[in-house]
Every structure is written in structure tokens, then in C-alpha cells.
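Asks: could you look at this predicted model? Sequence included:
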Amino acid sequence: MIIHEIDENNFNEYIKEGVVLVDFFATWCGPCKMIAPELEELAKTGQKVIKVDVDKYQMISQKFGIMSVPTLMVFKDGKLLGNRAGYMTKDMLVSWIAELTK
């Protein structure tokens, strides 16, 4: 499931339980457009994915120090486990999340 309706008021609610992948993206970003189908495929496996538009929700982006897009962050029960910037395939994402959550 990919959740798109994230804002400053509900971000913490969405990341507080389970393993959550957060995609900080911009609509004008080429690599962000490239990774979107990979995230869709990942979400079909049951992985919770949240998308945060850095231009719309600058407070969230500033809170996490987002300097480039796409930036991906993995949270478990509200705690940040790791982050990476740039394009990743679905398989790379699966491996990275598994490594962080073992």
C-alpha cells in the first residue's frame, strides 16, 4: 500500500507502527519518476510505503534534512533505521529493508 496523503499533522501517525519506507520525492525529479514503479511493486508485496512531496511538505523535509531527491528512509515503530538517496530497484529495496530490520 502506498500512502500519498501525508502532511505535517499525520506523518508521525503513519510511521509509528511496523516497518515503513518513506519516499521523499519531487514531481519534477527524473529519478523520482523512475523509482515510482519500483515502489508500486514493493507495495504490492505488503510493504508500507509513504510518499512525501518535498515541495509541498517542506517542514517534514527540513526536519529530516532532505538535501536531494529521491531520499528513502526506513522507519520501524517510529524509529529511523536508515536512509539512502537515489534510484533503487525493487530487489535492492527489499534487500536494504531486510538488512536494516534483521
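Replies: Yep, it's here.

Asks: tell me the bridge partners for the residue nearest the centre of the chain.
Replies: For the chain, residue 22 is the residue whose C-alpha lies nearest the centre (CA atoms, centre = their mean; 1.8 Å). On the basis of DSSP bridges, residue 22 takes part in beta bridges with residue 50, residue 73.

Asks: doesn't residue 50 make contact with it?
Replies: Yes - look at residue 22 against residue 50 with CB atoms under 8 Å: they come within range, at 4.8 Å. Placement of C-beta: from N, CA and C, glycine included.

Asks: shared neighbours, those two?
Replies: residue 15 (CB atoms under 8 Å, 6 or more residues apart in numbering).

Asks: show me the shaky parts of this structure.
Replies: Residue ranges of the chain with pLDDT under 70: 1.

Asks: can you do 90?
Replies: Applying pLDDT under 90 to the chain flags residues 1-9.

Asks: ranges for the strands of it?
Replies: 2-3, 19-25, 48-53, 71-76, 79-85 (DSSP state E).

Asks: with distance to residue 96 added, can I get those strands in a markdown table?
Replies: Listed next are the strands of the chain as a markdown table, based on distance: least, CB to CB, whole Å:
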| stretch | distance to residue 96 |
| --- | --- |
| strand 2-3 | 17 |
| strand 19-25 | 9 |
| strand 48-53 | 13 |
| strand 71-76 | 7 |
| strand 79-85 | 7 |
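
Asks: mind naming the longest helix for this protein?
Replies: Of all segments of type helix in the chain, defined using DSSP state H, the longest is helix 30-44.
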